[in-house]
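Q: Quick one: sequence and predicted model below, then my questions.
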Amino acid sequence: MSNTNSLSVVILAAGQGTRMKSTTPKVLHKISGKSMLFHAIDAAQEISNDITVVLYHQAERIQKEIESHYENIHFHMQDATQFPGTGGAMKGVKTQNEQTLILNGDMPLITKDSLLALTSGNADINMSVIQLDDPSGYGRVIIDEAQVKEIVEQKDCNEAQLLTKTVNAGIYSVNTALLERYIPQLSNDNAQAEYYLTDIIKMAVDEGKVVNPIYVQEEEFKGVNSKLDLAAAEEIMQKRIRTEWMKNGVTMRLPETIYIDCRARFEGECILENGVSIQGASVIKDSHIKANSVVEESRLENSDVGPMGRVRPNSVLVDTHIGNFVEVKKSTLSGVKAGHLAYIGDASIDEGSNIGAGVITCNYDGKNKYKTVIGKNVFVGSDTQLVAPVTIADDVLIAAGSTINKDVAQGELAISRAPMKTIKNFFYKFFGDK
């Protein structure tokens, strides 16, 4: 079953997700930097080359988002008006392979190993089940001689069935031919007037088919239906991410305070102090990110940032020190020191250069962004404004408090200040004789 050529995957992502109380489709809410639906697609791609996503609510928006990140994903539009419900979502879905795995798009914590377990063996249907200490509110899965016999909603359970702690986790691996035969037979003759996918279990049992219960971990099969669920899933995902990177050699101080995007990567010897946030597809190599610093969608190599530094997207720092309250944006720094209280935006700075406290690259004129280019061994004095576009050549000194709005040639000193003036005894005149 684990052969990608023998397994198709259908991901149900058609629901409105009203409990999220958001204009953003439920499945596009992000967990650790990636839409929860994308986590499900990633897991599916590890085991199958035939993936179909079922859409309805805000279908065009979701499809466009998927297509901007993935290729070769098939789409099916649910006719929710005529065929509401999970069973209705499967009406008209065609898959290519002999086995079809049906996932939910709001289960971002699912892993490849669990999906492989669900597709193992030769049963007609593998059904995911969870053992809960408190199954209240869930339909019970009645199992006899290691086979699923029926699913009974709590309100319909007798006293013996109420004692059952096994519940439906909502994911199924079904023989495709069987699925194609059962789906058209689904009825909406129930209180909700919906077509339920769970009804295929009863059909299979009635025909004497083998329905295997596959016991899974509750954590992985948590559905995300509200912002509270979203936060809980984020915590679980973050713990997984941190654990994996610490196992791979990343040092973390107070790891529970650290946020790491699922797309971030670490190489070599890295240290993350408390309160650090690593966002986007950042790459951190042999670097030290100090307390309460933020790195967004950037690359760092043999560098240190912070405490309380910020590296914004599309920056590259190599052999560079960024100190406290320094912000870097869309800049390339190689062999640079910027110790404190500076803004470096749309800039390129070469090795040996020092950026003093209070230095600002004035990169925006209200309409357009412009670049600042600083060469090697440049000393930029404190409280300097570099008005872009401007180029500072190698071996330049810029005096503190200067406003630089013209290029500076190699070896020069640039200074731009109003002459200093003093008025004798002004203190005593101002405050009066004492």
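A: Great, that's in hand. Since this is a predicted model, take the numbers as computed values, not measurements.
Q: all contacts plus neighbour counts: C-alpha atoms, from now on.
A: Fine.
Q: any idea how far Met36 lies from Cys362?
A: Distance of Met36 to Cys362, computed by C-alpha to C-alpha, to the nearest Å: 39 Å.
Q: Same question for Asp199.
A: Asp199 sits 65 Å away from Cys362 when distances are taken as C-alpha to C-alpha.
Q: So for these two, which residue has more residues nearby?
A: Under the criterion of other C-alpha atoms under 10 Å, the comparison of Asp199 against Cys362 puts Cys362 first, with 23 against 17.
Q: my guess is the more buried one contacts Thr384, does it?
A: No: checked against C-alpha atoms under 8 Å, the pair Cys362 and Thr384 is beyond contact range at 10.0 Å.
Q: for this protein, longest helix please?
A: Here the longest helix in the chain is taken by residue count, with DSSP state H as the criterion, and it is helix 227-247.
Q: What about Trp53, how many residues nearby?
A: Check again: residue 53 is Val, not Trp. Val53 - counted by other C-alpha under 10 Å - has 25 other residues nearby.
Q: Please give the element, helix or strand, for it.
A: strand 50-55 (DSSP states H and E).
Q: That strand pairs with which strands, parallel or anti?
A: Looking at strand 50-55 with DSSP bridges, its paired strands and their directions are strand 7-12 (parallel), strand 73-77 (parallel).
Q: and the first one, what's its mean pLDDT?
A: So that's strand 7-12. Confidence over strand 7-12 (mean pLDDT, whole number) is 97.
Q: ok, residues contacting that strand?
A: Contacts of strand 7-12 with the rest of the structure, by C-alpha atoms under 8 Å, 6 or more residues apart in numbering, involve 1, 40-41, 44, 47-55, 86, 89, 95-105.
Q: Quick check: end-to-end length of stretch 19-33?
A: By C-alpha to C-alpha, the extent of stretch 19-33 from end to end equals 21 Å.
Q: Name the surrounding residues that touch it.
A: In contact with stretch 19-33 (C-alpha under 8 Å, 6+ apart) are residues 13, 15-17, 35-37, 57-58, 62, 105-106, 108, 225-227, 230, 233-234, 237-238, 260-263, 279-280.
Q: Out of the residues you listed, name the ones that lie in strands.
A: Here DSSP state E is the test, and those give 35, 260, 279 as lying in strands.
Q: shouldn't the second one be in contact with Gly275?
A: It stands for Ile260. No: with the criterion set as C-alpha under 8 Å, Ile260 and Gly275 do not qualify as a contacting pair; they are 10.6 Å apart.
Q: More neighbours: the two, which one.
A: Here Ile260 and Gly275 are set side by side on neighbour count (other C-alpha under 10 Å), and the busier one is Ile260, at 23 against 20.
Q: For the residue lying closest to that one once chain neighbours are set aside, give the beta-bridge partners.
A: Distance criterion C-alpha to C-alpha, 6 or more residues apart in numbering; nearest residue to Ile260, sequence neighbours excluded, is Ile278 at 4.8 Å. When bridges are assigned using DSSP bridges, the partners listed for Ile278 are Ile260, Val295.
Q: where exactly do the helices run in the stretch 101-250 of the chain?
A: Across the stretch 101-250 of the chain, reading from the start of the chain, the helices by DSSP state H, counting those that start in this stretch fall at 112-118, 159-162, 176-182, 199-206, 227-247.
Q: Among these, which comes closest to Lys367?
A: Distances from Lys367 to each of the helices of the stretch 101-250 of the chain were compared by C-alpha to C-alpha, and the smallest falls on helix 227-247, at 37.6 Å.
Q: tell me which residues in the closest one are buried?
A: Of the residues in helix 227-247, 230, 233-235, 237-239, 241-242, 245 count as buried by neighbour count, 16 or more other C-alpha atoms under 10 Å.
Q: Same check on stretch 358-367?
A: With burial defined by 16+ other C-alpha under 10 Å, the residues of stretch 358-367 counted as buried are 358-363.
Q: What of stretch 149-164?
A: Counting neighbours by 16+ other C-alpha under 10 Å, one finds that the buried residues in stretch 149-164 are 149-152, 161-162, 164.
Q: Lys329 and Asp79, how far apart?
A: Going from Lys329 to Asp79 by C-alpha to C-alpha gives 47 Å.
Q: I meant to write Ala160 there.
A: Between Ala160 and Asp79 the computed distance is 39 Å (C-alpha to C-alpha).
Q: and if you look at Ile360?
A: According to C-alpha to C-alpha, Ile360 and Asp79 sit 57 Å apart.
Q: Tell me the pLDDT of the most centrally placed residue in the chain.
A: With the centre of the chain defined as its mean C-alpha position, the nearest residue by C-alpha atoms, centre = their mean is Gly33, 1.9 Å away. Each residue has a pLDDT score; the one for Gly33 is 97.
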